[in-house]
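Visitor: Below are the sequence and a predicted model for it; my questions follow.
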Amino acid sequence: MLSALNKIVCLSLWASFLSVGAAPGAINLGPAPIALGTAANFAILSETGVSTVPPSAITGNVGVSPISANALTGFTLTLASTGAFSTSSQVVGDLFAASYAAPTPATLTTAISNMQTAFTNANGLVNPGFTNLASGAIGGLVLTPALYKWTSSVTISASGVTISGTSADVFVFQIAGTLTVAAGARVTLVGGVLASNIFWVVSGAVTADAGAHIEGVILAKTSVTLETGTTMNGRILSQTFVALQKVSILFHS
């Protein structure tokens, strides 16, 4: 029989799993999810700007701070009557900048702070299950739930990579160097894995070549570039610049 305390713990776990769409009874075999705070309200969040080469298709909000709306380029912005946000034909959602009317500047300041904290916390996780796996050349591999750490750069070749687990499992990839996804490479999820439970924590630049497909949350210390035809299920939370070239990004809540 379960003790009263154990019953409470089990019920808490159940509620947590349901909140991220986990299957009933599923148990996380990886690290704890990375708390994103209000940064989770954005498909793309950047400190120095977001550019697009039309037509891109972004589902979710886009934000830049502490900079002005001039740092949102290629979107053809239409300012809302409130002055607090803009819209664009390329975005199913709203675009926010620190130069917009209240409460947007304060909201963005909090989101940026939450993004920075998320990166610091994720990058500071210890006791990885895998260290320098395949010397960073992970194309063709099947990755199971764990904390992964690379002291070098990571590349995903055209053969792609498979992430395997359940809807409750969490994957954290700490990358000290750059992350490069080859042209046409795909990150494929099997077993019910959720993109919202995958965290690419990258200290160097992130580049996805033409026609690549990415799943997960990118927590980037520097720039993120998605080249022509790249698709992504997840979020880009970047402490510098985000460059998009005719891409498709679907935001996961």
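Guide: Good, I have the coordinates.
Visitor: What are the boundaries of the strands in the stretch 1-150 of the chain?
Guide: 44-46, 49-53, 57-59, 62-64, 72-73, 78-79, 86-87, 91-92, 95-97, 130-131, 142-143, 146-150 (DSSP state E, counting those that start in this stretch).
Visitor: Turn these into JSON lines, columns for distance to Val224, mean pLDDT and mean neighbour count.
Guide: Placement of C-beta: from N, CA and C, glycine included. As requested, the strands of the stretch 1-150 of the chain are arranged in JSON lines below (distance: least, Cβ to Cβ, whole Å; pLDDT from 0 to 100; neighbours: other Cβ atoms under 10 Å):
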{"stretch": "strand 44-46", "distance to Val224": "8", "mean pLDDT": "98", "mean neighbour count": "28"}
{"stretch": "strand 49-53", "distance to Val224": "9", "mean pLDDT": "98", "mean neighbour count": "20"}
{"stretch": "strand 57-59", "distance to Val224": "13", "mean pLDDT": "98", "mean neighbour count": "19"}
{"stretch": "strand 62-64", "distance to Val224": "13", "mean pLDDT": "98", "mean neighbour count": "28"}
{"stretch": "strand 72-73", "distance to Val224": "15", "mean pLDDT": "98", "mean neighbour count": "20"}
{"stretch": "strand 78-79", "distance to Val224": "25", "mean pLDDT": "98", "mean neighbour count": "12"}
{"stretch": "strand 86-87", "distance to Val224": "21", "mean pLDDT": "98", "mean neighbour count": "18"}
{"stretch": "strand 91-92", "distance to Val224": "17", "mean pLDDT": "98", "mean neighbour count": "19"}
{"stretch": "strand 95-97", "distance to Val224": "17", "mean pLDDT": "98", "mean neighbour count": "25"}
{"stretch": "strand 130-131", "distance to Val224": "24", "mean pLDDT": "98", "mean neighbour count": "13"}
{"stretch": "strand 142-143", "distance to Val224": "21", "mean pLDDT": "98", "mean neighbour count": "15"}
{"stretch": "strand 146-150", "distance to Val224": "18", "mean pLDDT": "98", "mean neighbour count": "22"}
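Visitor: any idea how far the most centrally placed residue in the chain is from Gly74?
Guide: Closest to where the C-alpha atoms of the chain average out (Cα atoms, centre = their mean) is Val217, at 1.7 Å. Here the criterion is Cβ to Cβ, to the nearest Å. By it, Val217 lies 23 Å from Gly74.
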